[in-house]
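Novice: for reference, the sequence and a predicted model appear below.
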Amino acid sequence: MASTWQDDAVEERPIRRAASIVCIRVGSDGPEVLVVQRSEGSRFLPGYVAFPGGAVDAGDDAHAARWFGTAEEGPRAAALRELTEEVGLAVTAEGAVATRDLGPIDAAPPVADALGELCHWIAPPEVPVRFDARYFTVGVGADAEPAPDGHEVADAWWVSPRRLLEQWETGGHKLYWPTWLTVTELAACTTVEELLGLHFDAREPTDHEQATMPRHVMEQD
């Protein structure tokens, strides 16, 4: 089930397909996920912590047809491409490769099922940049290290979901509502296997959440 987490009646903006990917690995204190800090120059959510991802480009359906045998897997292909472009990790059938080139994926694409669908978000009309976004999970080796592109992504690092929530609670990071809820769901898992098998329904914030959470969670700060 998709969610429009606010439903005020406003003029509708165009909506684009998008995808994000939650990379998961075994850490020293349990499972870790890969997050990025968006560039301060970004039009949408500058400086926020998020997961690698972005809009589905025109060429992603062709990537999907080549990698997964069907153009309908465009969002999965976009998630892999964005990960490669933003943090220099190409996920292949043989593991994660440090590169910004899609060649390793072309040579050994992962099976579609290796990217499990975590959740599905549809942004409400009042959001400045509207998206219909699918989030995927994928497991990678403990040695996979990100290299932020320095353009769209200012920083990238591995962190346990619980630790990330703690840092958000103390004001260390800004998390937009879809990211906050996703991290909260991830934080309830204790093993990599649980994280990789997780699927949840996106939802709108409760009235209490809208009234008590920091403003940046509900709208771009």
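Specialist: Noted; the coordinates are in hand. Residues are numbered from 1 along each chain as shown.
Novice: which residue sits closest to Asp57, ignoring its sequence neighbours?
Specialist: With Cβ to Cβ, 6 or more residues apart in numbering as the criterion, Asp57 has its nearest non-adjacent residue at 6.6 Å, and that residue is Ala78. Any C-beta I mention is one placed from the backbone N, CA and C, and that applies to glycine too.
Novice: show me the contacts for that neighbour.
Specialist: Arg17, Ala18, Ala19, Gly53, Gly54, Ala55, Val56, Asp57, Asp60, His63 (Cβ atoms under 8 Å, 6 or more residues apart in numbering).
Novice: which helix in this protein has the most residues?
Specialist: Longest helix in the chain, counting residues (DSSP state H): helix 74-87.
Novice: and the helix or strand just after it, what does it pack onto?
Specialist: Later in the chain than helix 74-87, the nearest helix or strand by DSSP states H and E is strand 89-92. With contacts taken as 3 or more Cβ pairs under 8 Å, 6 or more residues apart in numbering; DSSP states H and E, strand 89-92 sits against helix 74-87, strand 95-98, helix 103-107.
Novice: now the helices for this structure?
Specialist: Under DSSP H, the chain gives helices at 60-68, 74-87, 103-107, 161-169, 177-187, 192-197, 207-212, 215-218.
Novice: among the helices and strands packed on strand 89-92, which is nearest Val217?
Specialist: Evaluated over the helices and strands packed on strand 89-92, closeness to Val217 peaks at helix 74-87, with 22.7 Å, by Cβ to Cβ.
Novice: circling back: how about the helices of the chain in a markdown table, adding mean pLDDT?
Specialist: Rendered in a markdown table, the data for these read as follows (pLDDT from 0 to 100):
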| stretch | mean pLDDT |
| --- | --- |
| helix 60-68 | 98 |
| helix 74-87 | 98 |
| helix 103-107 | 98 |
| helix 161-169 | 97 |
| helix 177-187 | 97 |
| helix 192-197 | 97 |
| helix 207-212 | 94 |
| helix 215-218 | 92 |
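Novice: turn the ones you listed into a markdown table, including distance to Val26.
Specialist: Output for these, formatted as a markdown table (distance: least, Cβ to Cβ, whole Å):
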| stretch | distance to Val26 |
| --- | --- |
| helix 60-68 | 26 |
| helix 74-87 | 19 |
| helix 103-107 | 22 |
| helix 161-169 | 14 |
| helix 177-187 | 15 |
| helix 192-197 | 6 |
| helix 207-212 | 32 |
| helix 215-218 | 29 |
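Novice: out of these, deepest packed?
Specialist: Among the helices of the chain, the stretch with the highest mean neighbour count (mean count of other Cβ atoms under 10 Å) is helix 74-87, at a mean of 26.
Novice: what angle sits between that one and helix 60-68?
Specialist: Here helix 74-87 points in a direction 100 degrees away from that of helix 60-68 (axes from the mean of the first three to the mean of the last three Cα atoms, to 10 degrees).
Novice: which residues of this structure score low on pLDDT?
Specialist: Where the chain drops to pLDDT under 70, the residues are 1-13.
Novice: how does it look with 50?
Specialist: 1, 4-10 (pLDDT under 50).
Novice: quick check: longest strand of it.
Specialist: strand 15-27 (DSSP state E).
Novice: list the helices and strands that one packs on?
Specialist: strand 30-38, strand 53-55, helix 74-87, strand 130-139, helix 192-197.
Novice: nearest to Arg162, out of the ones you listed?
Specialist: Nearest of those (Cβ to Cβ): strand 30-38, 8.1 Å.
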